[in-house]
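Visitor: sequence unavailable; structure follows:
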């Protein structure tokens, strides 16, 4: 399928209901308590991850049965379909550690990848009642959600106009690696903010920070939806070298990247 044959508006409308449904189920488990298991890579997984993914996959298959789905828990179970120029990337519960710690900074992520580029993207933070979506090639929006069903007014979000002499970066205060520290020092960045999961890219997209350097490992499903939203809000993600950041890599494993507004030149 080529991009012009996709009805992004209909996909977006349908998937807003899907992602809120997944968030509703996640919050039910969040309130009740849950067991924690561990995958082969020693990362935690809960019933919430699994149920949310089941909901999303079922709806994606109903919406577009011809588009392959790459989803985190399915991949962990060895279910990895072949992909070519178009596929879905799904993280049913991004920030499982935050979920376990009752931190509230966890999200549900759905992204459509076309020719290596994320176009449609949705991120729902169910504990914060916030939904972010990319309207491909146009703009990004933020909405309040009531009872995981009722969508509020769409607010258009945009990246900030950055001042190269006074940048705010998104970086962990307690788990910062040497490469990140070196980057902050090189660019004379003294102010940092910290937030969990894909909310970092949402915060960047709505003008809450100037730059997000990431040198530690991530998976494509961790950032694809946020990348789509950031693109629609006037931002960009590149390799540290400035090379375009593409999806569909072997094992869906990301390398280092820098996320920032397009108007901010980083060298």
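Guide: Okay, I see it. Since we're looking at a predicted model, the values are computed, not measured. Numbering: from 1, shown residues only.

Visitor: what's the local residue count around the closest residue to residue 170 other than its chain neighbours?
Guide: Leaving aside its sequence neighbours, residue 170 sits nearest to residue 212 (C-beta to C-beta, 6 or more residues apart in numbering; 4.1 Å). (Glycine included, C-beta is placed from N, CA and C.) If you count neighbours by other C-beta atoms under 10 Å, residue 212 ends up with 23.

Visitor: ranges for the strands of the stretch 1-150 of the chain?
Guide: Using DSSP state E, counting those that start in this stretch, the strands found in the stretch 1-150 of the chain span residues 36-38, 44-46, 69-71, 86-94, 107-114, 117-125, 130-135, 139-146, 150-151.

Visitor: please identify which of those strands is closest to residue 256.
Guide: strand 117-125 (17.8 Å; C-beta to C-beta).

Visitor: now that closest one: average pLDDT?
Guide: Strand 117-125 carries an average pLDDT of 98.

Visitor: list the helices and strands it packs on?
Guide: helix 8-32, strand 107-114, strand 130-135, helix 199-205, helix 220-232 (3 or more C-beta pairs under 8 Å, 6 or more residues apart in numbering; DSSP states H and E).

Visitor: I'd like these as CSV, with mean pLDDT appended.
Guide: Output for these, formatted as CSV (pLDDT from 0 to 100):
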stretch, mean pLDDT
helix 8-32, 97
strand 107-114, 98
strand 130-135, 96
helix 199-205, 97
helix 220-232, 98
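
Visitor: out of those, nearest to residue 46?
Guide: Residue 46 lies closest, by C-beta to C-beta, to one member of the helices and strands packed on strand 117-125: helix 8-32, at 7.0 Å.

Visitor: beta partners for the residue nearest to residue 170?
Guide: Beta-bridge partners of residue 212, counted by DSSP bridges, are residue 259.

Visitor: which ones are touching it?
Guide: Neighbouring residues of residue 212 by C-beta atoms under 8 Å, 6 or more residues apart in numbering: 169, 170, 171, 200, 201, 204, 258, 259, 260.

Visitor: among the residues you listed, name the buried ones.
Guide: Buried subset of those (neighbour count, 16 or more other C-beta atoms under 10 Å): 169, 170, 171, 200, 201, 204, 258, 259, 260.

Visitor: returning to what we had before: please work out which of the strands of the stretch 1-150 of the chain is packed deepest.
Guide: A comparison of the strands of the stretch 1-150 of the chain by mean neighbour count, using mean count of other C-beta atoms under 10 Å, puts strand 107-114 on top with a mean of 28.

Visitor: could you say which helix or strand contains the residue of the chain positioned farthest from its centre?
Guide: The C-alpha centroid of the chain is most remote from residue 165, which lies 28.3 Å away (C-alpha atoms, centre = their mean). Residue 165 belongs to no helix or strand when assigned by DSSP states H and E.

Visitor: how close does the nearest residue to it once chain neighbours are set aside sit to residue 229?
Guide: Spatial nearest neighbour of residue 165, chain neighbours left out: residue 188 (7.7 Å); criterion: C-beta to C-beta, 6+ apart. Residue 188 sits 28 Å away from residue 229, going by C-beta to C-beta, to the nearest Å.
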